[in-house]
Every structure is written in structure tokens, then in C-alpha cells.
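S.K.: could you look at this predicted model? Sequence included:
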Amino acid sequence: MVDFRRHLVLASLPVNFARRLHQIFAAVARAGLDAVIPPTCLSCDSIVAPPGGLCAGCWGSFAWIERPYCARCGTPFDAELSLPSAELLCAACLAGRSPLSRVRSVLRYDAASRALLLGFKHADRTHAAPFYGRWLARAGADALAGADMLVPVPLHWTRLVWRRFNQSALLANSLAHACGVPCIPDLLIRQRRTPIQGSLGRSQRRRNVRRAFLVRPRFAKRVRGARIVLVDDVLTTGATLEECARALRRAGAAEVRGLTLARVVLPGEAG
């Protein structure tokens, strides 16, 4: 009853004042919760402030992807470069053509980030999704510029039932809140159950996901001419993201970009 009355009061106030009052209520509630259950580091569970952050030790242990990196695929360059990184392409992008016009990632996938991602994906640490959404918004600012929608990489329905949630959809929804670009979580269908990619090589991964994705018919008109950002948790070879991008391009998307929380950087891949 108290909560109902509070909403009646907020509804009768000017929009800006009501929004500010709601923020105050939220801050007080959060402070009360923090006093009972102190916020902890997303990685090691030590107490931190503010909520949702990393402790200093964990922050320094992660390999954050920053410039210089390939302007197209986002592969980081290890060497110091004299040319502006916005103009540089890696050898793979110079040699080939991808359905993705741009890809960005937050972290290198290594021992530190692996523990974070496995906890999110398999240990139900889904409370971290809003904070990962903010990381994605910062790291992918240029990929998000001018985008019409966010689309997560889908799971096959049988795997979704077993896992109970799609981690890529959680990331995409959190990113939508952080950056303001709308998310359509069910736009793509994984029309056949593919074997897990983990033990497969690059060419096997591409064959494994070939024609595995389809645009849901009711979204066909929204896809045509749209600039779409695909969201996933980890980029390994790029086979899954690229196959999703091909499905969107076949449906008429004007441009498809990619954004992931982490990416594998193989020895010798970075410039």
C-alpha cells in the first residue's frame, strides 16, 4: 500500500521533479541494502564501493582492450604505432572481407576474464549484467554510433531450456539501458542445434554454424535498411558473429557491427 501511494504521488508531480524524487528513493533504498549486504567485487567478492565495481587488484589483472587496434575487427595491436589507429587494418582484414563492418570488445579472453565470464554464464552471476552493459557501452561507443537496434546471438531453444537464460540477451538488454539503443532479443532464430564450438578449429566452426541463423519473419521489415549491432559474450574466431551477420544482411540489413564482452587474441594475431 505504501508503494502504491508513493507512485500516486510521483504521478501527480512534474516529470523532472518526479524523476529526481524517484532517484532519491532509489539511492536511499540502495544505501539501506548496502548497509546490510555490502557490495562486493564482481571478480573476487571483496567489499568495494561503489556497487558493481572491481577492486583495485582485479581491475589491474584484466587485459582491457584499448587503442591501438584494427579499425574494422578490433584486434589489438601490441606494438606502438606511428599512424593514427583509426586508419589501421590488421592483415586479416586487409586480405579478406567480412559481413561485419566493425567489431569491438571490452577484454582480452585470458585466465582472469575467463573466470569472470564463466561465473556469469554458468554460475548464475547474472546480477553483473548491468555493469557489463556499461563496460560494453564505453568500449563500443563507435560501434553503437548511429545504430538502430541491438540483437543478441541466439541460443537454440533446447539449450536455452537447459541453461535457463541467454547470456548474450542479458548483455544486450543491459547495454540497451546503458546506451539507449533498443534491443530486440528474439529477432534472430537459431534454427538448428549446433555442436558446441569449443573443441573445433576455425574452418570447422564456420561449417558448424553455416546457415544456422534466421531472421524471425515478423521482424523482416524492421531489419531492412537497418544498422544493427550484434551482441555476444565471447568472440573466438568470429564464425558465429559472422554467420549471424550474414543472416541479417540476407534479410536486407544495411550494416552489421559486433560487440562482445571479451575476445580471444591468439599468439601472433595482434600486430
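M.R.: Cool, got the structure.

S.K.: what about S98, how many residues nearby?
M.R.: The local packing of S98 (other Cβ atoms under 10 Å) involves 18 other residues. No exception for glycine: its C-beta is placed from N, CA and C like everyone else's.

S.K.: my error: substitute W162 in the last question.
M.R.: 9.

S.K.: check Y109 too.
M.R.: For Y109, which is what you asked about, the neighbour count (other Cβ under 10 Å) is 21.

S.K.: do the same with G258
M.R.: G258 has 30 neighbouring residues, counting by other Cβ under 10 Å.

S.K.: ok, now which ones touch R159?
M.R.: With contacts defined as Cβ atoms under 8 Å, 6 or more residues apart in numbering, R159 is in contact with R193.

S.K.: look up phi and psi at it.
M.R.: phi -70, psi -30 (degrees, to the nearest 10).

S.K.: please compute how far the host helix or strand of L107 lies from its chain's middle.
M.R.: Counting by DSSP states H and E, the element that carries L107 is strand 102-108. Taking Cα atoms, centre = their mean, to the nearest Å, the mean C-alpha location of strand 102-108 is offset from the chain mean by 9 Å.

S.K.: what's that strand packed up against?
M.R.: Strand 102-108 is packed against helix 129-139, helix 141-144, strand 255-263, with contacts defined by 3 or more Cβ pairs under 8 Å, 6 or more residues apart in numbering; DSSP states H and E.

S.K.: contacting residues around stretch 218-226?
M.R.: Under the criterion Cβ under 8 Å, 6+ apart, residues D148, M149, I184, L187, V215, L248, A251, G252, A253, A254 lie in contact with stretch 218-226.

S.K.: who are the contact partners of the residue nearest to D186 when sequence neighbours are not counted?
M.R.: Of all residues not flanking D186 in the chain, R216 sits nearest, at 6.3 Å (Cβ to Cβ, 6 or more residues apart in numbering). R216 makes contact with D186, L187, L188, I189 under the criterion Cβ under 8 Å, 6+ apart.

S.K.: which among these end up buried?
M.R.: Among these, those classed as buried by 16 or more other Cβ atoms under 10 Å are L187, L188, I189.

S.K.: strands along the stretch 101-250 of the chain, start to end?
M.R.: 102-108, 149-152, 188-190, 213-215, 227-235 (DSSP state E, counting those that start in this stretch).

S.K.: who's in contact with W162?
M.R.: If a contact means Cβ under 8 Å, 6+ apart, then W162 has no contacts.

S.K.: would JSON lines of the buried ones among the contacts of R216 with distance to L235 be doable?
M.R.: As requested, these are arranged in JSON lines below (distance: Cβ to Cβ, whole Å):
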{"residue": "L187", "distance to L235": "19"}
{"residue": "L188", "distance to L235": "16"}
{"residue": "I189", "distance to L235": "21"}
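
S.K.: and those, which is closest to R125?
M.R.: Closest approach to R125 among the buried ones among the contacts of R216 (Cβ to Cβ): L188, at 24.9 Å.

S.K.: how much space separates that closest one from A253?
M.R.: Look at L188 and A253: by Cβ to Cβ, to the nearest Å, they are 11 Å apart.

S.K.: what's the closest of the helices and strands packed on strand 102-108 to S105?
M.R.: strand 255-263 (3.9 Å).

S.K.: now for the closest one, which elements pack on it?
M.R.: Where contact means 3+ Cβ pairs under 8 Å, 6+ apart, strand 255-263 is packed against strand 102-108, helix 111-122, helix 129-139, helix 141-144, strand 227-235, helix 239-250.
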